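# any chance you could fold what I've pasted below:
(one chain, ligands or ions: 2)
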Amino acid sequence: MTGLAIIVLAAGMGTRMKSALPKVMHKAASRSLLGHVLSAAKALAPDRIVVVHGPGQEAVKAEATRYAPDAMMAEQSERKGTGHAVMQAGPALAGFSGKVLVLYGDTPLIRKESLYPLLAGSAGMAVLGFRASNPHGYGRLIASGSAILAIREELDATPEERKITLCNSGIICIANELLSQLLPQLSNANAKGEYYLTDLVELANTAGVTVSLNECPESETIGVNDRIQLAAVEAEFQRRYRHEAMLGGATLADPATVYFSADTKIGRDTVIEPNVFFGPGVTVGDNVEILANCHIEGATIAKGARIGPFARLRPGADIGEDAHVGNFVEVKKSRIGKGAKANHLSYIGDARVGAGSNIGAGTITCNYDGYEKHLTEIGENVFVGSNSALVAPVRIGTGVNIAAGSVITQSVPDDALAMTRPQLVVKEGWAKRYRAAKQAKKAKA
Ligand code: UD1
Ligand code: CA
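Ligands and ions are numbered 1, 2, ... in the order given. Below is the predicted model of the structure:
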C-alpha cells in the first residue's frame, strides 16, 4: 500500500510480565508477539515500517529484522509512554507524506482485514475500537456517534467514564502532517506521568479535525500485559488456526487438543487425531494421518504418510510419501524415503532412509560420538532387523538385510546380509531341570 507508514511500538518494559525477556519477545503459537504484529504489518505492504525498541534490546531488533528485513529501528532510551515512543519514530518518517498506522507490539491478534477499513477512511485521524466484555485496564473511547472526542486511560477516568465498554485497541491511523503537528503538544500531566499517544484524539478535536471510529472484534485486540493475557492470546490464536485447518480441508477429531504454530501448513483430507502438538516450521501434505499424541516440529510430511500414535518428529525430519513413522519413534534431521517404515521404538537421527526400507523395532542410529554428529545412509528396500545399532558414519547399500540385534560399524555393500551375533546355545531339558532343582530347595525350606 503506497502512502502508508507503520510504526510498531515495542519498547515497553512489560513490568507486569515479571520476566527477564522483553514483553514483545514472548511467544504465542510459537511466534513472538512482535513477529505476529510485523507479519500483519508486512501484509499491508507499506512504504516504511519503523520499530520503536528499548535501549539495548538487541534481541528485539534482531527479531524485527527477521520478520521485516527492511524495517527501520528507532530507539526509545527512556520509557516515557506511548506518545513519547511515537515521537522517537519522527526521524525515520522524515520526508514521508501519507498515513501513519500505529500498531502496538503487545497486541498481536490484529488481522489485516480489520485494518483495511481504518486505512481507507478519509478522516485525518481514525481509532480502532472494540466493545470489551471486561474493559478493565483499557483506555475508554469518549464517542459522539461515529466520532471520538477523547480517550480516557483507566487511571485517569472518572467512575462514570469507567463504565464505558467501548475501548481503545491502541491502534490508530493518522496523517503524518497532523501527527507531526500534534505530537509536540502532548503533555505528561496525567496519572502515570507519561506522554500518552491517546491524548492525540483530544488535540485533534481541538485542532478541528474529526477523529473517526472503526470497530473490530474484541478477539483481535487482546493486549498482552501479563501472562494471563498471554494465555488468552494463545487460546485465540489456537482457535483461529484450528478453524483455518478445518476450513482448509483437514479433519480434527478433537480440535481443542491440537496445537498449531503460526506457520503450520496442513494439507487437504489430512486427519489429525487428538493431542497433537505442532511446533514451528511444519508442513503437512494431503491425505496424511497423524494419529493421537504426536509432537512435531521443523518437519515436512509428504502426502499419504502416517505418523504416530506417540511419534516425535524433530527439526529436519523429512517424511516421504506414504511412509510410516509409528509409536515411540523419534526422527531428527533425517529423510525417510517414499513408503519406508519405522513403526516401533526407534531413534533415527542424521540419516537417510531409502524408499521402501523397513526399520525394525528398536533400531537406533548411533549418530553422536560425544563430539560430532555423523550420517547414516540406508539404501532402498533395506530390511533392518529389530534391535540393531547402526554406528555412524555408516552406509548400508540397497537391498541389504541386517540381522536382528546387529551392531553395524562398517559399511555394507548392496544386497548383502550383515550380522553380528554371538553363537546361540541351546541346552535341551535344561530349564526343566533348573525348575525342579529350585522347587525342591524351596520345599525343603
Ligand atoms: C495502551 C493504551 C490504552 C489501550 C491499550 C490497548 C496508551 C496511553 N494507552 O495501554 O488506551 O486501551 O494500550 O492494549 O497508549 N510502549 C513503548 N514505549 C513506552 C510505553 C509503551 O514502546 O514508553 C509500547 C509497549 O511496548 C506496548 C505498547 O506501547 O507494546 C502499549 O504500551 P502499554 O504500556 O502496554 O499500554 P497499556 O497500558 O496497555
Ligand atoms: Ca498493553
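
# residues in contact with the most centrally placed residue in the chain?
Centroid-nearest residue in the chain: Ser30, 2.3 Å away (criterion: C-alpha atoms, centre = their mean). Residues near Ser30 by C-beta atoms under 8 Å, 6 or more residues apart in numbering: 261-263, 279-280. Bear in mind the C-beta positions are built from the backbone N, C-alpha and C, glycine included.

# just say helix, strand or coil for the nearest residue to it once chain neighbours are set aside.
Taking C-beta to C-beta, 6 or more residues apart in numbering as the measure, Ser30 lies nearest to Ser261, with 3.7 Å between them; neighbours along the chain are not counted. Judged by DSSP: H, G, I helix; E, B strand; the rest coil, the three-state class of Ser261 is coil.

# pretty sure Ser261 sits against Phe278.
Yes: Ser261 lies in contact with Phe278 (C-beta atoms under 8 Å); the separation is 5.5 Å.

# who's more crowded, these two?
Using other C-beta atoms under 10 Å as the criterion, Ser261 and Phe278 rank with Phe278 on top: 27 against 22.

# and that one, what's its pLDDT?
Listed pLDDT for Phe278 reads 99.

# tell me which residues touch the residue of the chain found nearest ligand 2, please.
Distance from ligand 2 to each residue of the chain (C-beta to the ion) is smallest for Gly223, at 3.7 Å. By C-beta under 8 Å, 6+ apart, the contact list for Gly223 reads 104, 106-107, 137-138, 169-170, 229.

# could you tell me the phi and psi values at Ile171?
When read as degrees, to the nearest 10, the backbone of Ile171 gives phi -90, psi 130.

# that one: neighbour count?
Ile171 has 23 nearby residues by other C-beta under 10 Å.

# without its sequence neighbours, what residue ends up closest to it?
Leu128 (4.1 Å).

# note down every partner strand of the helix or strand the one you found falls within and its orientation.
Per DSSP states H and E: Leu128 is located in strand 125-131. Using DSSP bridges, strand 125-131 pairs in its sheet with strand 166-175 (antiparallel), strand 211-215 (parallel).

# Phe260 against Arg242, yeah?
Yes: the criterion here is C-beta under 8 Å, and Phe260 meets it with Arg242 at 7.0 Å.

# per-residue pLDDT, the most far-flung residue of the chain relative to its centre?
Computed with C-alpha atoms, centre = their mean, the residue of the chain farthest from its C-alpha average is Lys444, at 68.3 Å. Listed pLDDT for Lys444 reads 96.

# for it, give its distance to ligand 1.
Per C-beta to the nearest ligand atom, to the nearest Å, Lys444 is found 81 Å from ligand 1.

# list the contacts of that residue.
Applying C-beta under 8 Å, 6+ apart to Lys444 gives no contacts.

# returning to what we had before: between Ser261 and Phe278, which contacts overlap?
In contact with both Ser261 and Phe278: Glu297, using C-beta under 8 Å, 6+ apart.

# same question for the strand holding Leu128, mean pLDDT?
pLDDT averaged over strand 125-131 gives 97.

# pretty sure Ile171 is in contact with Val100, am I right?
No: between Ile171 and Val100 there is no contact under C-beta under 8 Å: 11.5 Å.

# deepest of the strands paired with strand 125-131, which one?
strand 166-175 (a mean of 24; mean count of other C-beta atoms under 10 Å).

# after it, next one along is what?
Following strand 166-175 toward the C-terminus (DSSP H and E): helix 176-182.

# what's that next one packed up against?
strand 99-104, helix 200-206 (3 or more C-beta pairs under 8 Å, 6 or more residues apart in numbering; DSSP states H and E).

# mind listing what's buried in that helix?
176, 178-180, 182 (16 or more other C-beta atoms under 10 Å).
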